[in-house]
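Chemist: sequence first, predicted model second:
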Amino acid sequence: MSWALLSLASPLLAALLALMIRHGADRIVLGATLISLIAAVLALASINGEQPVSLNLGGWEQPLAIRLELGHLSALLMILTGTLHLLVGLYNRVSDHGTSSRSDYWPLSALMHAVLLALWLSRDLFNWFVTLELLSLAAVAMVTLSGPKAYAAALHYLMLSLMASLFYLLGIALLYGQEGVLDINQLAQQLTDTPITRLSLLLMTLGLMMKAALWPLYLWLPDAHANAPTAVSALLSSLVVKGPVFILWMILWHLAPAPFAEQLGLVLALFGGVALLAGAWSAMTTPYLKTLVAYSTVAQLGYVLIALGLSLRWQALELATALWLFIIAHALAKVSAFLAAGEMQGTYGRKELTVVKGATLTMPVAMFAFAIAGGSLIGLPPSGGFLAKWILLQPMFTSPAHWPWAFTILAGTLASAAYVFRVVSLSFDQPDITPGSLTQNLPAQWLSLLPALLVWGLALLSHPLLLWLSRGAVV
Amino acid sequence: MTDVQLFVGLGLLLWLLGLHAVMTHRHTIHRLIAINVSGSGVFLVMVSLASRGEGVDPVMQALVVTGLVVAVCATAFALRLGSARQQSHDEAESPS
Amino acid sequence: MNFLQQAMPLLVVLSSLIPGLIIFTLREDQRALRTFLNLAGVSVQLVLVALMLLGVSRGFSFKLQLPFIPNADLILRADALSLQFVTLSSVLWLATTLYAIGYLKGSAQHSRFFGYFSLCVSTTVGLALAGNLITFLLFYELLTLTTFPLLVHRGTREALKAGKIYLAYTLTGGTLLLLGIVVLHSLAGSPEFMTNGYLQAFQDDHRLTLTLAFALLIAGLGVKAALFPLHGWLPRAMVAPAPVSALLHAVAVVKAGAFGIIRVVHDVYGISLAHTLNLMSPLLWLAAFTIIFGSVMALRQNEIKKRLAYSTVSQVSYITLGVALLGPIAAIGGLVHLVHQGLMKVTLFFCAGIFAETLHVHRIQDMNGIGRRMPLTMAAFTVGALGMMGLPPIAGFVTKWYLGMGALEMGQPWVLLILVGSGILNALYFLPLIYRGWFGLAPERWPEDTGLGGGIPGWRETHWMLLAPTLFTALASILVGVLAGTPISPLAWTHFIVNPEFGL
């Protein structure tokens, strides 16, 4: 647990330091991120194969205490967060299209890192509310870093996010009014199936779905993600929307009474199916490169919704493994896709999709990164996306009644192939410019390739990963 | 109807009112006020629920205080962002 | 030895993968290094394959097993069937690489082309060596990804359109295959391929599921094998550069589909289960129809490459036909056609490429008298075409002979009619080309003669790097036919593959 606390404290401290010492903020934050990542790895090692460890903050006893808990899932998510923050931070430092070394990106990203870690570790409804609020504020502030053109999108994002928080807060208030506790374990033990329970869970679900941009409450996402600076888009799509999903999974799996969970699960899974196709359709028709990647997030969250919904509906814990695999695979692939797309947009100087024309010749590394990240989004073997899809498909053939879900997932696969290859096939076209005329930044392009390679290598790690995730899901 | 129920009902009403206003209005300040009305509704629900048992539930009060802090910060941020957007709009419109 | 037995299959895959990856990083002007890497990779691969052939024929086994996903390991192993395919791929890789170097001289983007070219061979080899369905799926999908860049290499509008259609077909096929594999996996896990299959235990309780899975698998594999009505991508794909078409039609893509069908029938379901479930009659009819359909369509084409493409649709279905007959002799005919069709079709595509590159001849009516200008190429073309018709002693004859005997053995004499009909159609669409080439009236001057290689009929009729591989594969098509009775022929090896399946 002490490793986890170190991992949490290090970016938090760096955020404060970076605010005070603007000169060299980048080095402070990158260093702290590295420390946090190492500590997260050690935290996973310290609980490997054992029961989760709890810590009551400030030494208070339950039910007053705020409890942190370090399990396999939390530790894995901490490592994911650290890895991605490090990669994206390095990209932002190296790229010609990143923000400057003195910009507000550094304290804000460090704050976001710390808040995410706190979210993964919390097991308390109200603490989650606080982390959610901080996360949204940091995220909105980071969207504005790309200047006045992003203010409208940022404001829209902030308003919706505030409204979503009120849904969630009202849910907590009603639930606490009924039960008098906020800790998720205690709630799980004593909660009974009353109309108030159902109403409050529904309110929280709606609020979290809005924050996570789950279909049909996703309308704020494409603008905000596409208008943010590239590094920020990458963080928003890969990590920030996953925070609310984590809370949603926790409260629904642990608190929702079985009959309610089955009804809600069906609705969520149906939404997921629609999200897969609707998001892909928007991605297929948008004329802008980064918007395409943003819509792809909407579509990919459809898989997450299906896994979440069906695990509730069938009370199938193994589907939770698929859920987390999707989240990890999507996070890695999406970082790659956004960094590559942003790097190409910056280098070519236009934001239309058509900039990638001939990119396999003019910017081969970035384009390759985009293509193989796309491969994982489609779910081609042996990528992480494939692994997740494989596990999701397993229980679908136990009874013919489940077959329609399998076909939905397949339709989603083909739809995501359609928008990925929309970009890829354009990149094989003859370029309009000569390759030599661009000022390329190769390190930045290689950095965008790295997470995509990681997600393809995930299959090699699949054994320990699945073991950790299946343990993590039980917690 | 007890006092608690009355105030909880009132709070829910405020919350709904704010929600309705957020969805129907376009102006930034209008929407921000609507959100704050909605927020006050939630806080009203919370403080009334704090007195549901014997005495007053201190945890609930602490939650309300925390919630208020968060709400004030977020509102301030939204106002700043809104005015910055207005400024950039104005600059874009007046070619000086 | 033990370690080597494990490492061998991986090394074969790596022998083309590593050169491919290095080639990506090369600059355009590093031509010598690129050629060296290509040739070094292919030589290493040939040596490794020869060693494995020797080993397997003496009863050694080569297998590498890595943990992949739960209950489904990644298995690469060399058995008799996989080695047949691997040998074909690496021999034709050698020929095609030489040809491609000659063919692409003077055009740009070599590093991208040869990089993907090597990756494509790696995935083909990996697919051949796949030891269970999940490994097969992995390489099957990767094959789609590595061939797409080759297909659209020219970057023209037409090429991009063909590429999109190719992707639409093959990715859909890949998803269907995935579904079929998931169905079987949830029933029986993903054990290794084995003689007579591993599904007999489920034949009483899960008839419907097994049939559904079979339909899904065949639909998924049928796309690449260009079975009617899933063949639509193939004729369009001939816009690719000639060496790519040659590789696609002879080994990489269509053969991957056909090879998959063989694997599913023989080593997943097994002959007896396929009998019990009566899975084969629809496949048999489909294959027979595709044979006739492809030939008829070929007859209607005016472009040489398009005619060859439809001919592939028809010829690859011979393999499916042989397998679907479920008899040992027919199976030998089908399996050996994997090699025979590959050699003959690669020759034909090489020739078509030479005509196009040297004289800009693309259409059949422009072939008049081309035999006098390019006698060697035309001779190679004639060998390939006559082989396709089934004339002894060229390879195609052996196939037809075994297929016919097999059909009689299984009491399906109507298949003979299909074979004869297809032979006649083949003659109808190939003989005019041969006739025009040798006896047609040559123009005074070839209008668009590029003078490649010197422009003198004979050894210097075109660039030697184009001519040499073509003559090599033409010669090979004759040799495998002439030497069919000897123990070193593909036919003898096919006996070695097929006999255990039928308990002989």
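Modeler: Sure thing, it's come through.
Chemist: drop to CA atoms for contacts and neighbour counts, all remaining ones
Modeler: Will do.
Chemist: what's the burial count for the residue in chain B that chain C sits nearest to?
Modeler: Residue of chain B nearest chain C, by C-alpha to the nearest C-alpha: B:Ala92 (41.2 Å). Counted with other C-alpha atoms under 10 Å in any protein chain shown, the neighbours of B:Ala92 add up to 10.
Chemist: mind giving me the packing neighbours of the top helix by length along chain A?
Modeler: For chain A, the helix with the greatest residue count under DSSP state H is helix A:318-348. On a contact count with 3 or more C-alpha pairs under 8 Å, 6 or more residues apart in numbering or on different chains; DSSP states H and E, helix A:318-348 meets helix A:72-94, helix A:230-235, helix A:289-313, helix A:364-378, helix A:384-393, helix A:442-457, helix A:462-474.
Chemist: redo the ones you listed as TSV? Include mean neighbour count.
Modeler: Formatted as TSV, these follow (neighbours: other C-alpha atoms under 10 Å in any protein chain shown):
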stretch	mean neighbour count
helix A:72-94	24
helix A:230-235	29
helix A:289-313	28
helix A:364-378	26
helix A:384-393	26
helix A:442-457	22
helix A:462-474	18
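Chemist: let me know which of these is the nearest to chain C.
Modeler: Closest approach to chain C among the helices and strands packed on helix A:318-348 is made by helix A:462-474 (6.2 Å; C-alpha to the nearest C-alpha).
Chemist: so for stretch C:114-125, mean pLDDT?
Modeler: What stretch C:114-125 shows for mean pLDDT is 89.
Chemist: I meant to write stretch A:8-20 there.
Modeler: Per-residue scores along stretch A:8-20 average to 92.
Chemist: going by neighbour count, list what's buried in that stretch.
Modeler: Under the neighbour-count criterion of 16 or more other C-alpha atoms under 10 Å in any protein chain shown, stretch A:8-20 has A:Leu8, A:Ala9, A:Ser10, A:Pro11, A:Leu12, A:Leu13, A:Ala14, A:Ala15, A:Ala18, A:Leu19 buried.
Chemist: now that stretch - C-alpha only, CSV.
Modeler: Extracted in CSV, the C-alpha atoms of stretch A:8-20 (Å, rounded to 0.1, in the frame of the first residue of the first chain):
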residue,chain,number,x,y,z
LEU,A,8,-0.3,8.9,-5.8
ALA,A,9,1.7,11.5,-3.9
SER,A,10,4.4,11.9,-6.5
PRO,A,11,2.4,13.5,-9.3
LEU,A,12,0.3,15.5,-6.8
LEU,A,13,3.4,17.1,-5.4
ALA,A,14,4.8,17.6,-8.9
ALA,A,15,1.6,19.4,-9.9
LEU,A,16,2.1,21.9,-7.0
LEU,A,17,5.8,22.3,-7.7
ALA,A,18,5.2,22.8,-11.4
LEU,A,19,2.8,25.6,-10.6
MET,A,20,5.4,27.4,-8.5
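Chemist: what does that stretch rub up against?
Modeler: For stretch A:8-20, the surrounding residues in contact (C-alpha atoms under 8 Å, 6 or more residues apart in numbering or on different chains) are A:24-26, A:28-29, A:32-33, A:35-36, A:106-111, A:113-114, A:117-118.
Chemist: pass me the low-pLDDT residue ranges in chain B, would you?
Modeler: Applying pLDDT under 70 to chain B flags residues B:1, B:94-96.
Chemist: most proximal residue of the stretch 251-400 of chain A with respect to chain C?
Modeler: Residue nearest to chain C within the stretch 251-400 of chain A: A:Pro381 (5.2 Å; C-alpha to the nearest C-alpha).
Chemist: now for that residue: which residues touch it?
Modeler: The contact partners of A:Pro381, taken as C-alpha under 8 Å, 6+ apart, are A:Leu387, C:Leu137, C:Leu138, C:Glu141, C:Leu142.
Chemist: from the stretch 301-450 of chain C, which residue is nearest to chain A?
Modeler: Closest point on the stretch 301-450 of chain C to chain A, by C-alpha to the nearest C-alpha, is C:Glu357, at 21.3 Å.
Chemist: number of nearby residues for the closest residue to C:Trp233 other than its chain neighbours?
Modeler: Nearest residue to C:Trp233 in three dimensions, chain neighbours excluded: C:Tyr166, at 5.1 Å (C-alpha to C-alpha, 6 or more residues apart in numbering or on different chains). Using other C-alpha under 10 Å, C:Tyr166 is surrounded by 24 other residues.
Chemist: try C:Gly106
Modeler: Counted with other C-alpha under 10 Å, the neighbours of C:Gly106 add up to 9.
Chemist: helix, strand or coil for it?
Modeler: coil (DSSP: H, G, I helix; E, B strand; the rest coil).
Chemist: what does the pLDDT read for it?
Modeler: Predicted confidence (pLDDT) at C:Gly106: the value is 70.
Chemist: give me phi/psi at it?
Modeler: Dihedral pair for C:Gly106: phi 90, psi -10, per degrees, to the nearest 10.
Chemist: stretch C:173-188 close to chain A?
Modeler: Yes - for stretch C:173-188 and chain A, the contact criterion (C-alpha under 8 Å from any C-alpha of the partner chain) is met by C:Thr175, C:Leu179, C:Val182, C:Val183, C:Ser186.
Chemist: can you name the residue of chain C nearest chain A?
Modeler: Chain C approaches chain A most closely through C:Gly155 (4.4 Å), counting by C-alpha to the nearest C-alpha.
Chemist: for A:Leu111, see how far away that residue is.
Modeler: In this view, C:Gly155 and A:Leu111 are 46 Å apart by C-alpha to C-alpha, to the nearest Å.
Chemist: and the stretch 351-475 of chain A, which residues reach chain C?
Modeler: Within the stretch 351-475 of chain A, the positions lying close to chain C (C-alpha under 8 Å from any C-alpha) are A:361, A:380-382, A:387, A:390, A:393-395, A:397-398, A:406, A:410, A:413-414, A:417, A:421, A:425-426, A:428-430, A:459-460, A:462-463.
Chemist: touching, A:Ser146 and A:Val232? I think so.
Modeler: No - if you go by C-alpha atoms under 8 Å, A:Ser146 and A:Val232 don't touch, sitting 9.3 Å apart.
Chemist: include mean pLDDT when you put the helices and strands packed on helix A:318-348 into a markdown table, please.
Modeler: Output for the helices and strands packed on helix A:318-348, formatted as a markdown table (pLDDT from 0 to 100):
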| stretch | mean pLDDT |
| --- | --- |
| helix A:72-94 | 93 |
| helix A:230-235 | 93 |
| helix A:289-313 | 93 |
| helix A:364-378 | 91 |
| helix A:384-393 | 90 |
| helix A:442-457 | 90 |
| helix A:462-474 | 76 |
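Chemist: appreciated, that's everything.
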